[in-house]
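Asks: Sequence first, then the predicted structure, then my questions.
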Amino acid sequence: MGEIEDTPQQQQQQQPQHSVSKEPPALSTPPPGQVSLADKTAPVEEQSARGTLRAAAAPYVFSRGAAGAAPLAALLSKLGDAAWDEAAHARDNVRITRPAHDRWGVRKAVLVYCDDFLKGVYGFPWWREERWRAAVAPVLRVLGVPRERVVRCLLASMPPGCDIPVHHDTGYWVKHTHRIHMAVHTCPGKVRFRVGPTADAMRDVAFAEGEVIELNNQAKHAVRNDWDRHRVHLILDYVEDHPVRALQLPPGARLAQTRRSIDLLSAAEGAAAAAAAQGGATAGGGATGPAFIVIGAQKCGTTSMYEYLNQHPLVLRSRRRETHFFDWRWQPQLKTEAEQQAFYLKFFHGETLALHPSIVTGESTPSYLLHFDVVIPRLQAVAPHAKLIVMLRDPVKRAYSHYQMTVDDSGTAAQKASRGCSAWAGKTFEQAVAAELQQLSAASVTPATTPEEFSCAFLPSCPMGHGGHSMLARGLYALQLRPWLAACGDGIKVRAMFNWRPHQYQKVAATSDQTPPSPFPPPAQEAANTRSYAPMGEAIRQQLTDFYAPYNAQLAELLGRALPWQ
Ligand SMILES: Nc1ncnc2c1ncn2[C@@H]1O[C@H](COP(=O)(O)OS(=O)(=O)O)[C@@H](OP(=O)(O)O)[C@H]1O
């Protein structure tokens, strides 16, 4: 039910804001009209603060016409308590959990429900029954909406004394749906439904029984039932032209739910059992494998990318951020791909993922990009469906950041070892650069070098197992990207890091079928894994800029676009 979609945390913070006045509240009657989805792109309060709220959006509730409550009232009366009985739903319909409903004692009878990201629209068995079809049909007629566009439909019975605090609905679905209420049993004046742009500016709205009312559920609203009977509303959401994947649930079907996802448990249970039998894996790199892998480049914001993606409600973090499975944790003693895969999938929460196929996972190992020669064939064999994400940054800045990481003396011995802290100890940046220029020259690495030559002449000298090497080589992006692009084509997404905003990360990930369908601005947007250090000297900056110039030109050609750092 839309009016109680907020998180428990939000609800705790919200205090009921009803006055104790004995005067009956002045009721405003919803004018005829309908809510434009253009007025639902963001919470109304936010639109108002930004000055983008259209005057026509007020008063946030409109009458779509009268359908009459009699058919639904008659059906509910016939069913009596069975309409709301959870056991009856579990047996004859489908039982669904709505944590806020349950906490407040709001009873519900669900006919259609979708997950928060509109990935699946579940038609409940009662939705297909003639008696329910007939009872809901007048409402759909008034709306002029076919059944196929309904993504949520339920009856909510609010007990006397129930108080739903001020909130607006949240989730991807909200901005893509029209929210309809029709009172079946109510008592204007005793049931107070308040709506407004902010908590302080809400007005009491009259919901007459049988009147089909559209609510902009991005506006603030609150309900209190001071009547001595249950208030019963039909609550329905429909899409205009958003594609929906309809799934018909059989009676007694069981759902696996998280706050933002819904999956069919019986199907998921089979996958979970298979995953458990294989030690957390599903054959063929299926649902429990990573949907995305950030493969590099080191020091290019890969940690931020991983963290932002993990904030998406449909992403579950891996057990370890940098698995390093495809470079130095590869298990040569395991002879089959299935065995390697089973080992790899232990880095992820396989059984949880199998139970919730809507949820995806991923990892971030920034050294994969560099070690393309060993990593590509392994990755293609074990995780062929993963979307690969490459972050790039001005290679001059990347090199300096890399150097600063290795000379940073903070952290545990193990952390220092994995950063490669001994690599350039005692050397200035200039000396470390000079040493690697010599190493590259000895390996005959030039702008004309091919990836194959690079992998034969240079990469074998790079120790896997720590990050303290290839300070300049890791910035030869085109050399590393070419084999990845040749092997993975569209499966790879390259993002240059330059003045990007964190929410753009989500757009990158959203290109995969498996990853979440919509950009989801991560709540925490600060950069991860940052370090403060003195600016680079001008002479070495110029030297490195000149060194990278021909390699950058190759990268721009490869990507078909100008580089943001040039
Ligand atoms: N959002 C955002 N905007 C700008 N810069 C950012 C952002 N997120 C991470 N960073 C910078 O990226 C550097 C860390 O990169 P990685 O996380 O890939 O490093 S690592 O390879 O995992 O060690 C590190 O660079 P330095 O601070 O120069 O070392 C971070 O500051």
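Replies: Structure's in. What do you need? Small disclaimer: the values here were computed from a predicted structure and weren't measured.
Asks: Return the distance of the most centrally placed residue in the chain relative to the ligand.
Replies: Central residue check for the chain by CA atoms, centre = their mean: the C-alpha nearest the mean position is that of His312, 3.1 Å away. His312 sits 16 Å away from the ligand, going by CB to the nearest ligand atom, to the nearest Å. No exception for glycine: its C-beta is placed from N, CA and C like everyone else's.
Asks: Cross-check the contact I'm expecting between that residue and Pro522.
Replies: Yes: the pair His312 and Pro522 passes the contact test of CB atoms under 8 Å, sitting 7.3 Å apart.
Asks: wait, isn't Ala524 in contact with Gln311?
Replies: Yes: proximity of Ala524 to Gln311 meets the contact threshold set by CB under 8 Å, at 6.6 Å.
Asks: between those two, who's got more neighbours?
Replies: Per other CB atoms under 10 Å, whichever of Ala524 and Gln311 has more neighbours is Gln311, with 17 against 9.
Asks: what's that one sitting at in phi/psi?
Replies: Summarising the backbone geometry of Gln311 under the convention degrees, to the nearest 10, its torsions are phi -80, psi -10.
Asks: Quick check, pLDDT for it.
Replies: Note for Gln311: predicted pLDDT of 86.
Asks: Ok, the one 5 residues further on next?
Replies: Per-residue confidence at Leu316 stands at 93 (pLDDT).
Asks: What strands line up against the strand or helix carrying it, and which way round?
Replies: Using DSSP states H and E, Leu316 maps to strand 315-317. For strand 315-317, the paired strands and their directions (DSSP bridges) read strand 360-364 (parallel).
Asks: Can you name the residues in contact with the partner strand?
Replies: Contact partners of strand 360-364, identified using CB atoms under 8 Å, 6 or more residues apart in numbering, comprise 288-294, 302-303, 305-306, 309, 314-318, 320-323, 347-349, 353, 386, 509, 514-516.
Asks: do the same with stretch 235-247
Replies: Under CB under 8 Å, 6+ apart, the answer for stretch 235-247 is 1-2, 37, 114, 118-123, 136, 139, 143, 145, 148-156, 173, 176-182, 264.
Asks: Can you select the buried ones from those in ChimeraX?
Replies: Only the buried entries of the contacts of stretch 235-247 go into this ChimeraX selection, using 16 or more other CB atoms under 10 Å:
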select :1,2,114,118,119,120,121,122,123,136,139,143,145,149,150,151,152,153,154,155,156,173,176,177,178,179,180,181,182,264
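Asks: and the contacts of stretch 235-247, which of them are in strands?
Replies: Among these, the members falling in strands (DSSP state E) are 114, 121-123, 150-156, 177-182, 264.
Asks: what distance separates the start and the end of stretch 56-75?
Replies: For stretch 56-75, the separation between the terminal residues is 37 Å (CA to CA, to the nearest Å).
Asks: For this protein, which residues are neighbours of the ligand?
Replies: 298-304, 366, 401, 404-405, 502, 527-531 (CB under 6 Å from any ligand atom).
Asks: In contact with Ser457, which residues?
Replies: You called it Ser, but residue 457 is Ala. Residues in contact with Ala457, defined by CB under 8 Å, 6+ apart, are Ala443, Ser444, Val445, Thr449.
Asks: and the second one, which of the three is it?
Replies: On the three-state scheme (DSSP: H, G, I helix; E, B strand; the rest coil), Ser444 is labelled coil.
Asks: Skip the chain neighbours and tell me the closest residue to it.
Replies: Counting by CB to CB, 6 or more residues apart in numbering, Ala457 is the residue found nearest to Ser444 once chain neighbours are left out, at 6.0 Å.
Asks: what separates the one you found from Leu479, distance-wise?
Replies: Counting by CB to CB, to the nearest Å, the gap between Ala457 and Leu479 amounts to 12 Å.
Asks: shared neighbours, those two?
Replies: Any residue near both Ala457 and Leu479 by CB under 8 Å, 6+ apart counts here, and that gives Thr449.
Asks: Test my guess that Val445 contacts Cys456.
Replies: No: counting by CB under 8 Å, Cys456 is not a contact partner of Val445; they are 11.0 Å apart.
Asks: who has more neighbours, the two?
Replies: Of the pair Val445 and Cys456, Val445 is the one with more neighbours under other CB under 10 Å, namely 20 against 12.
Asks: and the closest residue in space to the more buried one that isn't next to it in sequence, how many neighbours?
Replies: By the measure of CB to CB, 6+ apart, the closest residue to Val445 outside its immediate chain neighbours is Phe458, 5.5 Å from it. Phe458 has 21 neighbours, counted by other CB under 10 Å.
Asks: So, low pLDDT: which residues of the stretch 301-450 of the chain?
Replies: Scanning the stretch 301-450 of the chain for pLDDT under 70 picks out nothing.
Asks: Hmm, I typed the wrong one, I wanted the stretch 451-566 of the chain.
Replies: Per-residue confidence for the stretch 451-566 of the chain (pLDDT under 70) gives these ranges: 495-521.
Asks: again, only this time at 80
Replies: Along the stretch 451-566 of the chain, the parts satisfying pLDDT under 80 run over 490-525.
Asks: all strands for it, in order.
Replies: Listed in chain order, the strands of the stretch 451-566 of the chain (DSSP state E, counting those that start in this stretch) span residues 492-496.
Asks: for the stretch 151-300 of the chain, same thing?
Replies: Residue ranges of the strands in the stretch 151-300 of the chain, as given by DSSP E, counting those that start in this stretch, are 163-167, 177-185, 191-196, 203-205, 211-215, 220-225, 231-239, 246-248, 255-257, 262-264, 292-296.
Asks: Deepest in the core, which of those strands is it.
Replies: Neighbour counts averaged per stretch over the strands of the stretch 151-300 of the chain are highest for strand 292-296, at a mean of 28; criterion: mean count of other CB atoms under 10 Å.
Asks: Mind giving me the packing neighbours of that one?
Replies: Of the remaining helices and strands, those touching strand 292-296 by 3 or more CB pairs under 8 Å, 6 or more residues apart in numbering; DSSP states H and E are helix 302-310, strand 360-364, strand 387-392.
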